[in-house]
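**Student:** Task: produce atomic coordinates for the following.
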Amino acid sequence: MALDDELRRMFAEADDDRLDVSVRPDAEQLIVAGARRVRRRRIAAAGAGGAAAVVAVILGGIALAGGSPDAMPPAIIDSTTVAPPTTSSSGASLTSAPSAPNTSAQSHNSNTQTNHQPNVDTGEPELTDRVDAPPVLNFEVLGPTGIRSLVLGQTFDSAETTAMLGDKTVGGACDQYQLLLDSTPSGSVYISPAGGGKVEAISSSVAQTPEGVGPGWTVKQVSAVYPSVTEADVANYGKGYTAAPGNPNARYSLTFNNDGVLTGYGLESDSQPCFG
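**Tutor:** Okay, the predicted model is just below:
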């Protein structure tokens, strides 16, 4: 029953022995107002008691955590007031941590590239095929037709006028004479006796070909200039032969020592009868 109805009932019962005093005309309003004030105070006291309980729980949590404010439990925030995470224009969260690079894969790829480099052809010969630079000679040039005024096919009489024929040393299929360069014996001249004689071959150990080949060159160095001179021929015969560039009727006969080093060479006619 409501408070107002109860009070009205009580005042209506005039013969009730409990009411033995006179009642003020505004007594009903005063009693109702007082009852409302009591009700409001009870509600306020209940609210204050609840707040005190919350404070007590928080202080107890601090004490259990060692008294450090950092140990306080996080405040409960209404989920409706939480701002959504900031996103980039692409929709990805800016606060998300970037994924770590796959270093193991990168290391594997690096090792693969290091250990499996393709072979690159540089165009240079292998070390075993390389030829050291040959010596540069400053000798007289013998070839491709002769030396100075002494040339292949020249008659004996014409050869004598050059002052380059020295003493006759031996005879045989061809007569051999000393080659004189500035009156110094510097090789040999081979003259065939038939038909009055003519120069068939000229050799020297202090001369070089027009291509610069001369004494002191190795087989490989000579082969680089004259490919027809092979190591096999030099090993088997001690000699190598090549056509004389610039003279289709002559060739060079190159002599090597046991170490494969050129010691001298001769310019000879292809039709010479002096050597086998």
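**Student:** Helices along the stretch 151-276 of the chain, start to end?
**Tutor:** Here the stretch 151-276 of the chain has its helices, by DSSP state H, counting those that start in this stretch, at 156-160, 219-225, 231-237.
**Student:** what is the mean pLDDT for the first one?
**Tutor:** Just to be clear, that refers to helix 156-160. Averaged over helix 156-160, pLDDT sits at 96.
**Student:** go on, the second one?
**Tutor:** What helix 219-225 shows for mean pLDDT is 97.
**Student:** buried ones in it?
**Tutor:** Residues 219, 221-223 are the ones in helix 219-225 that count as buried (16 or more other Cβ atoms under 10 Å). C-betas here are computed from N, CA, C, even on glycine.
**Student:** that older thread, possible to save the helices of the stretch 151-276 of the chain as TSV with distance to Gly212?
**Tutor:** Shown next, in TSV, are the helices of the stretch 151-276 of the chain (distance: least, Cβ to Cβ, whole Å):
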stretch	distance to Gly212
helix 156-160	27
helix 219-225	8
helix 231-237	19
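**Student:** Of those helices, which is nearest Gly195?
**Tutor:** Of all the helices of the stretch 151-276 of the chain, helix 156-160 sits nearest to Gly195, with 9.7 Å by Cβ to Cβ.
**Student:** which residues sit against the closest one?
**Tutor:** Outside of helix 156-160, the residues within contact range by Cβ atoms under 8 Å, 6 or more residues apart in numbering are 150, 165, 189, 191, 196-199.
**Student:** can you pick the most crowded of those?
**Tutor:** Among the contacts of helix 156-160, Val189 has the most neighbours (other Cβ atoms under 10 Å), with 29 neighbours.
**Student:** Check the gap between the residue lying closest to that one once chain neighbours are set aside and Arg37 for me.
**Tutor:** The shortest distance from Val189 to any non-neighbouring residue, by Cβ to Cβ, 6 or more residues apart in numbering, is to Tyr177 (4.6 Å). In this view, Tyr177 and Arg37 are 159 Å apart by Cβ to Cβ, to the nearest Å.
**Student:** partner residues bridging the residue nearest to Leu181 when sequence neighbours are not counted?
**Tutor:** Sequence neighbours aside, Glu140 is the residue nearest to Leu181 in space, at 6.1 Å (criterion: Cβ to Cβ, 6+ apart). When bridges are called by DSSP bridges, Glu140 pairs up with Ala207.
**Student:** what sits against Glu140?
**Tutor:** Contacts of Glu140 were listed using Cβ under 8 Å, 6+ apart, and they are 147-148, 181, 186, 204, 206-208.
**Student:** Tell me the one among those nearest to Asp132.
**Tutor:** Using Cβ to Cβ, Gln208 comes nearest to Asp132 of the contacts of Glu140, at 17.7 Å.
**Student:** Share the number of residues neighbouring the closest one, please.
**Tutor:** By the criterion of other Cβ under 10 Å, Gln208 has 23 neighbours.
**Student:** That one and Asn138, how far apart?
**Tutor:** From Gln208 across to Asn138, the span is 8 Å (Cβ to Cβ).
**Student:** Likewise for Tyr177?
**Tutor:** Counting by Cβ to Cβ, the separation of Tyr177 from Asn138 is 25 Å.
**Student:** swap in Leu267?
**Tutor:** 19 Å.
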